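Q: Provided below are the primary sequence and the corresponding predicted coordinates.
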Amino acid sequence: MPRLTLSTVSKRFDDFQAVDGVSLTIPDGAFLALLGPSGSGKTTVLRLIAGLEVPDGGEILFDETIVAGHGAFLPPEKRGIGMVFQSYALWPTMTVRGNIEFGLKVGGLKPRERAARIEEVLKVVGLAGLGDRRPHELSGGQRQRVALARSLATRPNLILLDEPLANLDAHLREAMLAEFRRIHSLTGSTFVFVTHDQDEAMAVATHVAVMDHGRLEQLATPEELYRKPASPMVARFIGRGRTLPVRVLKSEGGRTRVMLGQQLLDMPGNAPVGYGWLCFHASDLKRVNEGGHLKTELVGQVFQNGSLLSHCLPTEIDGDVVSLPLDERIAPGTPIELVITDGWVIGEGRGTHSNGDVTRRSSTCRPGVISLR
Ligand SMILES: Nc1ncnc2c1ncn2[C@@H]1O[C@H](COP(=O)(O)OP(=O)(O)OP(=O)(O)O)[C@@H](O)[C@H]1O
Ligand SMILES: [Mg+2]
C-alpha cells in the first residue's frame, strides 16, 4: 500500500484558488476523512490525488514515486486507485456482476479470474447472491455497496470516496459507515473519504484533515481535533465548539494562565503569551449561582436530546453566544453565570476577536507540513 504524500499542492481555476498549498502525509492503510465546508476544496484534492486534475504547483507522491508534479504526471488508470462517487454511477442496464466485471475486463483479467474476483468482492460488501440483479432492483444502500465492490474488485491500493453517503437516509448512512469501517479493516487499503459531515468523519476515520478556503487547517486524529484544535476555525467547526477571546499571561508545559475579561483562569493549551482563544464545548460549561467565570444573559432555549439547549450571550466581554444543556425553562434576559471546567487555549492565529470571521490570516501561523505516522 502506498503512503500518500501531498507537498504544497495548489490548484487554481481561472482566478479562483481552489487548493492552496496543501501538505500532508498519511500512513499506509489509513482511513483519512477530508472534512470542510462546501467549496473548501475537498473534491478538488480528491481529484488531484486521482489524477483527474493536474496541480499547478507542488507534488503528489505514492510512497517515493512522484505521480504529479516536477513535470511528472501518472494518468489515473496507472495510479492503482478506486473511486466511489456520491451518484454511484452504475450502468443501469447491466447486472451487479456486469457492473463489477466492467473494470476487470479493462484490466485484462481472464473470465475465470474475473468471476472469482466478483464473488470475492460481493462477499466483502455483503451482497453475495445478488449478482444477477440490476441497479433498479436494489436499495440505495445496496447500490452504494455495488459501487464500492466495483472499486474494490481491481484491488486498488487507494480508494477515494467522494461524499458516498450523501444520497442515503440517516439510518442507512450510519449502517453504511459501519460497513465502510469493516471493509477498510478487511482490505487494508488506504481510504480517503470526502465529507462535509463532521459526525461522519469522526465516526469512521483514523485521521481527519480539516480544510477551509482551499487550505489545510489541521490534520489529526478525531480525538485530537476535538480536544486540541489548532485554529479557531477548527475549534468552531468540530463538535459545535465555541471560542472566547483571552489574553495569555503565561504558557508552560501544556498549561496556560489566561485572562477572560476580568477573570483569571488556568487552562490546558499551547498558546504563546499574547492574544489567544479559549476553545471549549457545551460539556465544559456549568451553571453556577455566583462566582462564575463568564457572566451571560439567556437569549433562547431549544429542546434537544432530552434537555433544553440554552443559548447565552456574554455580557461583560465581546464574545459569541455559548450554549449548554439546562433542565429548566428560563425567561429570556435572565442572567446566567457559567464556570468553564475545561478547554484548550490556542494562539490568536488566523481569525478575529469579534464574530467568528476567520478571514484575517496571519502569515506566521500558516500550518507547515503536517505528518502523521
Ligand atoms: N472545474 C472547475 N472550474 C471552476 N471552479 C471550480 C471547478 N471545480 C471546483 N471549482 C471551485 O473550486 C472550489 C472548491 O471546489 P470543490 O468542489 O473542491 O469543493 P468541495 O469542498 O468539494 O465542496 P462541496 O462540499 O460543496 O462538494 C469551489 O469554489 C468551486 O466552485
Ligand atoms: Mg465536493
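A: Okay, I see it. Computed from a predicted model, the values in this text were never measured in an experiment. Ligands and ions are numbered 1, 2, ... in the order given.
Q: What segments of the stretch 201-350 of the chain are strands?
A: For the stretch 201-350 of the chain, the strands defined by DSSP state E, counting those that start in this stretch occupy 207-212, 215-220, 242-252, 255-260, 263-268, 274-280, 285-288, 294-304, 307-314, 322-326, 335-340, 344-347.
Q: Select, out of these, the one closest to ligand 1.
A: Closest to ligand 1 of the strands of the stretch 201-350 of the chain is strand 207-212 (CB to the nearest ligand atom; 6.7 Å). Heads up, the C-betas are built off the backbone N, CA and C, glycines and all.
Q: Let me know the angle separating the closest one from strand 215-220.
A: For strand 207-212 against strand 215-220, the angle by axes from the mean of the first three to the mean of the last three CA atoms, to 10 degrees is 160 degrees.
Q: quick check, distance from strand 207-212 to the centre of its chain.
A: 5 Å (CA atoms, centre = their mean, to the nearest Å).
Q: same check, this time on stretch 81-93
A: Per CA atoms, centre = their mean, the centroid offset for stretch 81-93 relative to its chain is 22 Å.
Q: Name the residues that touch it?
A: Identification of contacts with stretch 81-93 by CB atoms under 8 Å, 6 or more residues apart in numbering yields 49-51, 98-99, 102, 134-136, 143-144, 146-148, 150-152, 154, 156-164, 166-167, 189.
Q: Could you check which residue of the stretch 51-200 of the chain lies nearest ligand 1?
A: His196 (4.5 Å).
Q: wait, isn't that residue in contact with Ala33?
A: No - contact between His196 and Ala33 fails when scored by CB atoms under 8 Å: they sit 10.3 Å apart.
Q: Export the strands of the stretch 201-350 of the chain to a markdown table and append columns for mean neighbour count and distance to Phe85.
A: Output for these, formatted as a markdown table (neighbours: other CB atoms under 10 Å; distance: least, CB to CB, whole Å):
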| stretch | mean neighbour count | distance to Phe85 |
| --- | --- | --- |
| strand 207-212 | 25 | 19 |
| strand 215-220 | 24 | 23 |
| strand 242-252 | 19 | 35 |
| strand 255-260 | 20 | 44 |
| strand 263-268 | 15 | 41 |
| strand 274-280 | 23 | 35 |
| strand 285-288 | 17 | 41 |
| strand 294-304 | 16 | 33 |
| strand 307-314 | 18 | 35 |
| strand 322-326 | 19 | 36 |
| strand 335-340 | 17 | 43 |
| strand 344-347 | 25 | 36 |
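Q: Same list (these) but as TSV, adding distance to ligand 1 and mean pLDDT.
A: Compiled in TSV, these are given as follows (distance: least, CB to the nearest ligand atom, whole Å; pLDDT from 0 to 100):
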stretch	distance to ligand 1	mean pLDDT
strand 207-212	7	96
strand 215-220	12	96
strand 242-252	23	95
strand 255-260	33	96
strand 263-268	31	96
strand 274-280	23	96
strand 285-288	31	97
strand 294-304	25	96
strand 307-314	26	96
strand 322-326	25	96
strand 335-340	33	97
strand 344-347	24	96
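Q: about what we covered before: for ChimeraX, what selects the buried ones among the contacts of stretch 81-93?
A: Applying 16 or more other CB atoms under 10 Å to the contacts of stretch 81-93 leaves a buried subset, and the ChimeraX line that selects it is:
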select :49,50,51,98,99,102,135,143,144,146,147,148,150,151,152,154,156,157,158,159,160,161,162,163,164,189
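Q: Which members of the contacts of stretch 81-93 are positioned in strands?
A: Among those, the members falling in strands (DSSP state E) are 158-162.
Q: Name the residues of this protein found near ligand 1, please.
A: By CB under 6 Å from any ligand atom, the residues of the chain that approach ligand 1 are 13, 16, 18, 36, 38-44, 196.
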